[in-house]
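Colleague: below are the sequence and a predicted model; questions follow.
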Amino acid sequence: MIFDRLANASSYCSVAPLIQKGFEFLKQADLATLEDGVHEIQGREVYAIIARGDGVGRDRAMLEAHRKYLDIQYVIEGVDTIGWLEREFVERVKQPYDSEKDLEFFYDRPASWIEVPSGSFAVFLPQDVHAPLATKEYAHKAVVKVKFP
C-alpha cells in the first residue's frame, strides 16, 4: 500500500508500467465535474470509476481484493477511511474470486485504517486487501484501475 498526496505521485511511477496514466488522469483540472461512472483512460488497461455518496462506516466496510489490477483510490472531496490487511493474513472468504470482475470479498477485519483526505490517494496492489468507504461521511472519489503486470 502507498499513501500520499497527488502532488507527489511522480515518485511512484515505477510501481507499474501504466500507473502514470492514472495519475495524469487524476491531475486534470475538471476531475470534480466528471459524471459518476466509468471513464476509460487507456481502454480497459487503465480506467477510472467516479462515485460520490456517504460511506458505510468501519463496521460495515467490507474487505476486498483484486488480482489483475491495482487501485488508486483518490479522494476528490471529503475524507474516506480505508481499512487494510495483507493478503497472507486473510482467513475467511465471503465471496470467492470473480475473474470477470477481478474482485473477491472477505469476512476478516482490517489490521489498520487510514484517513484519506481530499487531494490524497492510496494505492492498493494485489497483495493489499482493502476496505474502502469506511467513513460515515460524504466522499467524492475517483478509483483508477491500472492493469498490473
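Modeller: In hand now; what should we look at?

Colleague: flag every buried residue along the longest strand anywhere in the chain.
Modeller: Across the chain, the strand with the greatest residue count (assigned by DSSP state E) is strand 69-86. Within strand 69-86, the residues scored as buried using 16 or more other C-beta atoms under 10 Å are 69-76, 78, 80-85. Backbone N, C-alpha and C define where each C-beta goes, glycine included.

Colleague: can you pull the contacts of the nearest residue to residue 83 once chain neighbours are set aside?
Modeller: Nearest residue to residue 83, sequence neighbours excluded (C-beta to C-beta, 6 or more residues apart in numbering): residue 110, at 2.8 Å. By C-beta atoms under 8 Å, 6 or more residues apart in numbering, residue 110 lies in contact with 61, 63, 83, 84, 85, 130, 131.

Colleague: cutoff 10 Å now
Modeller: Taking C-beta atoms under 10 Å, 6 or more residues apart in numbering, we find residue 110 in contact with 58, 61, 63, 81, 82, 83, 84, 85, 129, 130, 131, 134.

Colleague: and residue 140, by the same measure?
Modeller: Taking C-beta under 10 Å, 6+ apart, one finds 31-32, 34, 36, 50-53, 74-78, 80, 118 in contact with residue 140.

Colleague: could you rerun that using 6 Å?
Modeller: 52, 76, 77, 78 (C-beta atoms under 6 Å, 6 or more residues apart in numbering).
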